[in-house]
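Participant: Build me a model:
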Amino acid sequence: MTQLSLATVLAESARKYPDKIAVIDSLTTERITYKDLWQQTLAYAGGLDINPGDVVAVQIPNLADFPRVYYAVLAAGGTIVPMHLLLTPEENAYVLKDSGAKLLVAHSSQLENAVAAAKLADVPVVSVGPAVPGIDRLEEAGKKPLRTYVSREAEDVAVVFYTSGTTGKPKGALLTHLNLVMNTMVNVFDIHDLNDDDIVMGCLPLFHTFGQTVGMNGTFRLGGTIVLMARFTGEAAIQLMVRENVTIFHGVPTMYIGLLEAAAKADQLPRLRLCVSGGASLPVAVLEKFNEAFGATIYEGYGLSETSPTATTNQPAFGAKPGTIGHPIWGVEVEIARPEIDERIELMDDGELGEIVIRGHNVFAGYLNNPAATAEAMVDGWFRTGDLGTKDADGFITIVDRKKDLVIRGGFNVYPREVEEALARHPAVLQVAVIGVPDPVHGEEICAVVVPDPGGITADELIEWSREKLGKHKYPRQIRFAEQLPLGPSFKVLKRELRKTYGAESGQ
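Facilitator: Residues are numbered from 1 along each chain as shown. Predicted structure coming up:
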């Protein structure tokens with residue numbers, strides 16, 4: 001049996017870079033060295049009082065306590081369930097029950113929600129951060145720190161990520177130590193030119209797979225410094241990046257849009273060496289505007305909770321192509337398969353549109369307590385993503401859309417992504433999401449929900465604009481204006497919420 005623990009990522013950097021700053025916590029202003037972070041982690045691990053294999057849920061914002069508790073659970077041999085910070089106590093109670101959590105560790109700022117959820121699920125709670133009467137604090141457990149981390153098997157589960165459950169209840173994706181160590185290593189050593197002097201902006205939620213693997217684990221494996229930001233706004237992020245000389249930014253498209261808006265008002269912009277986008281499709285117009293404003297190229301990548309997360313990215317070795325998600329990462333295969341065949345994987349030729357399928361060291365060990373969903377997702381050794389895309393002759397992969405976001409108007413397939421790209425180029429459009437709404441004549445009609453520039457634009461003007469740029473069956477007949485788009489815990493636009501709101505309107 002091969003022994004491997006994700007805790008090694010921090011333990012080894014503490015040995016190699018003891019006096020380097022590992023974490024800058026922008027809220028508490030703490031600056032913590034690798035040696036201190038590891039010592040604090042081992043002290044927390046001693047206080048957890050868990051057995052190897054026990055499941056511990058973690059409900060902590062982007063503060064230094066997140067890595068302390070995260071690596072403490074791993075060091076004690078436990079399995080982590082990161083809790084989304086925007087869910088209701090009922091939703092969190094479901095995750096606690098389904099995962100079989102033995103304990104919930106919550107930051108004191110989250111205790112109201114955490115205690116309510118834990119009560120419903122009958123799970124004990126301990127807190128970190130400022131003391132709150134009546135709740136035990138992990139810092140005061142009074143137990144002996146661990147001397148080192150508990151060893152685990154490479155195929156043991158390290159983290160259970162609950163997918164956002166676009167249909168039905170969320171599913172727990174089981175990620176092994178091998179999955180997460182390999183994804184961390186490949187992200188750091190095989191894709192971009194990174195070094196231990198890099199200072200990484202940590203504003204992606206750490207409970208989410210992108211922020212956790214690419215941001216936190218990647219930075220620690222490298223021996224770099226991560227600057228944690230608990231609440232993202234474009235303005236505050238720019239100020240923080242300038243102050244701390246941040247060189248690397250990881251974000252989702254809504255964050256890049258926020259930075260662009262704030263850049264117009266900023267006195268000074270950070271000098272970013274590398275920017276990475278994931279989590280949702282990045283409109284090419286945003287990529288171009290960002291490059292112009294910040295003088296930095298955004299490398300767009302792609303992944304899912306079930307793939308640790310990184311599966312593909314634009315990378316210097318192959319060149320970058322805007323509008324694509326680049327090439328598969330080292331040791332991972334990404335292909336296009338026939339979407340209509342469920343029981344086997346039939347690969348398609350270059351240029352053909354089909355379902356994106358993935359196999360490699362990054363693919364999860366299945367869904368917790370859900371063999372039917374696992375069997376549906378894992379076919380012939382490939383993971384079916386539910387995303388539609390193409391692969392060109394040079395190996396670049398392009399996502400066309402989610403299988404379930406496809407709009408069928410009058411018998412024609414319309415991919416919202418293509419309509420969004422066209423509308424995003426209009427100077428008065430800050431953000432746009434396109435959905436299908438019920439229509440008595442065409443079955444579905446194209447509806448664009450737009451966050452406009454305060455300068456003002458009418459629905460008719462936007463319809464006319466898109467009419468010139470899109471085929472007859474593709475341009476939106478309905479434009480709805482909104483002050484903001486509904487975002488999920490990982491800053492993705494929630495199209496199901498938009499369908500609920502605007503679909504009901506059009507169905508009347």
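
Participant: pull the longest helix from the protein.
Facilitator: Secondary structure assigned by DSSP state H gives helix 34-48 as the longest helix of the chain.

Participant: what comes into contact with that one?
Facilitator: 10-11, 13-14, 16-20, 22-23, 32, 56, 64, 67-69, 71-73, 75-76, 78, 103, 105, 128, 138-139, 141-149, 220, 223 (CB atoms under 8 Å, 6 or more residues apart in numbering). Where C-beta positions appear, they are placed from N, C-alpha and C, glycine not excepted.

Participant: out of those, which are inside helices?
Facilitator: Per DSSP H, the subset of these in helices is 10-11, 13-14, 16, 67-69, 71-73, 75, 220.

Participant: For those residues, which single residue is the most surrounded?
Facilitator: Counting by other CB atoms under 10 Å, residue 72 has the largest number of neighbours within the ones in helices among the contacts of helix 34-48, with 32 neighbours.

Participant: Contact partners for it?
Facilitator: Contacts of residue 72 (CB under 8 Å, 6+ apart): 41, 42, 44, 45, 48.

Participant: ok, of those residues, which one's closest to residue 204?
Facilitator: residue 41 (21.1 Å; CB to CB).

Participant: the strands in the stretch 151-300 of the chain, which residues?
Facilitator: All strands of the stretch 151-300 of the chain, identified by DSSP state E, counting those that start in this stretch, fall at 157-162, 172-176, 199-202, 225-228, 248-251, 274-277, 298-303.

Participant: Taking the chain centroid, which residue in this protein is the extreme one?
Facilitator: The C-alpha centroid of the chain is most remote from residue 441, which lies 38.2 Å away (CA atoms, centre = their mean).

Participant: So what does that one have for phi and psi?
Facilitator: Here is the backbone geometry of residue 441 (degrees, to the nearest 10): phi -90, psi -50.

Participant: Tell me who's in contact with the nearest residue to it once chain neighbours are set aside.
Facilitator: Spatial nearest neighbour of residue 441, excluding adjacent residues (CB to CB, 6 or more residues apart in numbering): residue 410 at 7.7 Å. By CB under 8 Å, 6+ apart, the contact list for residue 410 reads 441, 442, 443, 473.

Participant: my read: the last one touches residue 414, true?
Facilitator: By that I understand residue 473. Yes: using CB atoms under 8 Å, residue 473 is in contact with residue 414, at 6.4 Å.

Participant: Which residue ranges make up each domain of this structure?
Facilitator: The chain breaks down by automatic domain parsing into domains covering 8-231, 304-310+317-398, 406-507.

Participant: ok now the last one, how far from the chain's centre?
Facilitator: Between the mean C-alpha location of domain 406-507 and the chain-wide mean there is a distance of 24 Å, by CA atoms, centre = their mean, to the nearest Å.

Participant: Report the rounded mean pLDDT for it.
Facilitator: Averaged across domain 406-507, the pLDDT comes to 90.

Participant: Please apply the same query to the second one.
Facilitator: The average pLDDT for domain 304-310+317-398 rounds to 97.

Participant: what does the longest one give?
Facilitator: Per-residue pLDDT over domain 8-231 has a mean of 96.

Participant: For it, what is the distance to the chain centroid?
Facilitator: Taking mean C-alpha positions (CA atoms, centre = their mean), domain 8-231 and its chain are 15 Å apart.

Participant: Just the terminal-to-terminal distance for it.
Facilitator: Domain 8-231 has an end-to-end distance of 29 Å (criterion: CA to CA, to the nearest Å).

Participant: now the angle from the longest helix of the chain to helix 65-75?
Facilitator: Per axes from the mean of the first three to the mean of the last three CA atoms, to 10 degrees, the angle that helix 34-48 makes with helix 65-75 is 60 degrees.

Participant: Can you list the buried residues in helix 34-48?
Facilitator: Of the residues in helix 34-48, 34-38, 40-48 count as buried by neighbour count, 16 or more other CB atoms under 10 Å.

Participant: a markdown table for those residues, including distance to residue 479?
Facilitator: A markdown table is the format used below for those (distance: CB to CB, whole Å):
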| residue | distance to residue 479 |
| --- | --- |
| 34 | 52 |
| 35 | 56 |
| 36 | 54 |
| 37 | 50 |
| 38 | 54 |
| 40 | 52 |
| 41 | 51 |
| 42 | 56 |
| 43 | 56 |
| 44 | 51 |
| 45 | 54 |
| 46 | 58 |
| 47 | 55 |
| 48 | 53 |
